[in-house]
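Q: Structure for the following, please:
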Amino acid sequence: MKKCIVALGALLLVAGTSYASTVSENCGCGLGKELIGEKTGLAWNILGTSLNGTSGNQTFGISSGTLGCDKPESFVSNERMDAFVADNMDSLAVDIASGNGESLDALMEIAQVSGSEKAAACQALQANFDTIYPTVDVEHAAVSQSIRGVLAQI
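A: As a prediction, the model looks like this:
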């Protein structure tokens, strides 16, 4: 019986390695991709996928930009923008209303607006001030969302 199991395991390994597909294509990023690399075959794909699924390492890789995963830029900038807007609501309102200022410059950097688009972005924010700050007691999350909406149209 032991010989049958070993023979079956060897057969699966040989058959699996003849399957023409790479780990990175089928199991994504994570610990599995890093440890297995670009080896081909079904067995490697299964091993890579299993390793990626253990202990939340793929989720960690995606959120941190490690383990061969790309960190979503919008997630990073949205999080930073929300924090920045929450901490700078008043000064940002003044700068958006005037179309320039330090907090608006910082916002452009956080939003990753390039130098050539910066003037147009500041002008668009200024033109949409009443939409961004519709009331005196507007919440910072609504301000951030409105700013992202205006910048997405540029």
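
Q: alpha carbons only for contacts and neighbour counts from here, please
A: Will do.

Q: what about the protein, any weak spots by pLDDT?
A: Counting by pLDDT under 70, the chain has low-confidence residues at 1-27, 53-65, 67, 70-77.

Q: Show me where it has its helices.
A: Assignment of helices within the chain using DSSP state H yields the ranges 2-17, 23-27, 31-36, 42-53, 57-64, 73-87, 89-98, 102-110, 115-127, 129-132, 140-152.

Q: Name the residues that touch the shortest one?
A: By that I understand helix 129-132. For helix 129-132, the external contacting residues (CA atoms under 8 Å, 6 or more residues apart in numbering) are 93, 96-97, 125, 142-143, 146-147.

Q: Same list, those residues, but as JSON lines with neighbour count please.
A: Written out in JSON lines, the entries for the contacts of helix 129-132 read as follows (neighbours: other CA atoms under 10 Å):
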{"residue": "93", "neighbour count": "19"}
{"residue": "96", "neighbour count": "23"}
{"residue": "97", "neighbour count": "20"}
{"residue": "125", "neighbour count": "25"}
{"residue": "142", "neighbour count": "16"}
{"residue": "143", "neighbour count": "21"}
{"residue": "146", "neighbour count": "18"}
{"residue": "147", "neighbour count": "23"}
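
Q: Residue 133: which of the residues you listed is nearest?
A: Closest to residue 133 out of the contacts of helix 129-132 is residue 143 (6.4 Å), distances taken as CA to CA.

Q: residues contacting that closest one?
A: In this structure, residue 143 makes contact with 85, 132-133, judged by CA under 8 Å, 6+ apart.

Q: distance of it from residue 66?
A: The span separating residue 143 from residue 66 equals 31 Å under the rule CA to CA, to the nearest Å.
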